[in-house]
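1. What would the 3D arrangement of this be:
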Amino acid sequence: MLFNFLLTLAVTGAIVLVAGQTCYHPDQTSSSSDEACGFSTSYCCEPEDTCVTQGLCQDRNNHLNGALTFFEGATEPGNYTRLYKTASCTNENWSNCINHCPSSDNNRTAYIWACNDQLSLFCCHDDEADLSQGDCCNGPTWSVSEAPLALNVSLRAATSSSKTTSSTTTQSFQIASSVITQFSSSASAVSVITIYTVPASTINTTSIAPTSVSTSTSPATPSHNTEGLSGSAKIGLGVGITVGLVSIIALAFIWHKRRLNKRRDTSIYIDQPEPKVIDCHTPSKPGEMESQEVRELDADWKPIELATGRNVAHELST
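-> Numbering: from 1, shown residues only. Have a look, this model is predicted:
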């Protein structure tokens, strides 16, 4: 029971930490529409989009099965498979984030297209052009070492009251664990934290509808690196923060319990009534034999006078 309570407090503290983070564009202006992806990364995405690796956000209309999206007012549906966005950063100076599209406006999100089935070649969409499938793949492109995948650990579902992502209908999310704890203070409360993992085998990156877009790599375009921290380093950082929070809470709980016990002992000592001193020596009443007063003994018989004429002794005459 105590472990579940401490675990809930630790996870809740992590959620509050993530929810309270501010996200910044490359020009160091804050982004009011983005939310932090989690303590395992410094990137932020819009709540309706999906946080993925490589410092990208997967657009909500990016259906990996090639499904088309029909917007109200459009003359025909559009195919937004392979559509991504630039992410914002929790570091105002972008010290641990990568700006994939530095030529775009630095005060807002830029669209990014994946240009091959392996999702390893990308290009930055021209802000002045209409958005269409792979519209920038004929120009400069940049590459990543691995295809973007949904982040293994995310607390964004717990920080947003209503969040829907299009990727959840096409990707097979596997629930790794569900921690459900219940505790009561003045009223009952239930906290449910669900951790999602996305194995690489569950995301189909080869069955994307083919396009006739040709890809070319500009010799002057530098290749992009992945995020500043490796996957193992991010996992270690996340575990370290969680363990640290649990340790701090446990120490605080033990200190609080000892303090309550000390107060209880002090209260018992103070409330103990003061013993009363009773003088057990009481003077005894002197008995009758010890009295110094001279008293006459009572007589229970009366003197009787001898009757005359009976056995009267007479004196002899001389």
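2. If you average pLDDT per helix and strand, which one of the protein comes out bottom?
-> strand 174-184 (a mean of 31; mean pLDDT, DSSP states H and E).
3. what helices or strands is the host helix or strand of K85 leaning on?
-> K85 belongs to strand 83-86 when assigned by DSSP states H and E. Strand 83-86 is packed against strand 56-58, strand 111-114, with contacts defined by 3 or more CB pairs under 8 Å, 6 or more residues apart in numbering; DSSP states H and E. Where C-beta positions appear, they are placed from N, C-alpha and C, glycine not excepted.
4. The shortest one pairs with which strands?
-> When you say that, I think you mean strand 56-58. strand 50-52 (antiparallel), strand 83-86 (antiparallel) (DSSP bridges).
5. Please tabulate those in CSV, including the columns mean neighbour count.
-> Output for those, formatted as CSV (neighbours: other CB atoms under 10 Å):
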stretch, mean neighbour count
strand 50-52, 25
strand 83-86, 24
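6. hey, where'd the helices end up in the stretch 1-150 of the chain?
-> 2-19 (DSSP state H, counting those that start in this stretch).
7. Strands along that one, start to end?
-> With DSSP state E, counting those that start in this stretch as the definition, the stretch 1-150 of the chain shows strands at residue ranges 23-24, 30-31, 35-36, 43-45, 50-52, 56-58, 68-69, 78-79, 83-86, 88-89, 111-114, 121-124, 142-143.
8. Can you say which of these is nearest to R259?
-> strand 35-36 (35.6 Å; CB to CB).
9. Quick check: can you name the pairing partners of that closest one and their directions?
-> Strand 35-36 has its sheet partners listed here by DSSP bridges as strand 43-45 (antiparallel).
10. average pLDDT across the strand it pairs with?
-> The predicted model assigns strand 43-45 a mean pLDDT of 96.
11. Quick one: residues in contact with that strand.
-> Strand 43-45 has contacts (CB atoms under 8 Å, 6 or more residues apart in numbering) with 21, 23, 31, 34-37, 51, 55, 57, 85, 87-90, 97, 227.
12. can you rerun that using 6 Å?
-> Here strand 43-45 makes contact (CB atoms under 6 Å, 6 or more residues apart in numbering) with 23, 34-37, 51, 55, 57, 87-88.
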